[in-house]
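Undergrad: Here is my input; please provide its structure:
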Amino acid sequence: MKNVYIEAVNTKEQQTSKAGKPYWPMGIKVDNTWYNGVAFDLDQVKSVKAESHMTLNLYEEEYNGKMYKKFKLPPKSQMHVAELEARVAKLEKAVFNNTAKPEPEKPAAAAELDVDDLPF
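TA: Numbering: from 1, shown residues only. Below is the predicted model of the structure:
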């Protein structure tokens, strides 16, 4: 897996496998070279955007004596990790770097208590 700059994206319409599962054939352009792959979830398709950086697995595969350039998307569980890490970092900064401490509550003065307020 490496972080690459995606120059262009070409996504075809949804297709269905023999087992009845949907998939989307995709092509991405990295360093003026097109790589082919598939996405098995609509969220994966939407997450791949042109002119953006993304972590992908780029590789070559031989088929019938010819080499093809392909890519694999990260698993769905890792697709939004960077986004979630940024949100957590922002929350941690807000919580742990807060220098303004709340003032502790002052106990009520004995003179302010009314005899009718006492429970006994």
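Undergrad: In its sheet, which strands sit next to the longest strand seen in the chain, and in what direction?
TA: If you go by DSSP state E, the chain has its longest strand at strand 52-63. Strand 52-63 has the following sheet partners, assigned by DSSP bridges: strand 2-6 (antiparallel), strand 66-72 (antiparallel).
Undergrad: what does the shortest one rub up against?
TA: Meaning strand 2-6. Contacts to strand 2-6, defined as C-beta atoms under 8 Å, 6 or more residues apart in numbering, come from residues 28-31, 48-58. Every C-beta, even on glycine, is put in place using the N, C-alpha and C of the backbone.
Undergrad: And the furthest pair within those?
TA: Pairwise distances across these (C-beta to C-beta) peak at 20.4 Å, for the pair Glu51 and Asn57.
Undergrad: ok, for Phe40, nearest residue in space, not its chain neighbours?
TA: Tyr23 (5.2 Å; C-beta to C-beta, 6 or more residues apart in numbering).
Undergrad: Quick check: pLDDT value at Asp117.
TA: Listed pLDDT for Asp117 reads 69.
Undergrad: where does this protein have low pLDDT?
TA: The chain contains residues with pLDDT under 70 at 79-80, 82, 98-115, 117, 120.
Undergrad: list the buried ones in stretch 53-73?
TA: Counting neighbours by 16 or more other C-beta atoms under 10 Å, one finds that the buried residues in stretch 53-73 are 54, 56, 58, 69, 71, 73.
Undergrad: any chance of those in CSV, plus distance to Thr11?
TA: Below are the buried residues of stretch 53-73 laid out as CSV (distance: C-beta to C-beta, whole Å):
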residue, distance to Thr11
Met54, 14
Leu56, 15
Leu58, 18
Lys69, 17
Phe71, 13
Leu73, 12
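Undergrad: Need the max-distance pair from those.
TA: Greatest spacing in these, by C-beta to C-beta: Met54 and Lys69 (16.1 Å).
Undergrad: neighbours around Leu35, how many?
TA: In this structure residue 35 is Tyr, not Leu. If you count neighbours by other C-beta atoms under 10 Å, Tyr35 ends up with 22.
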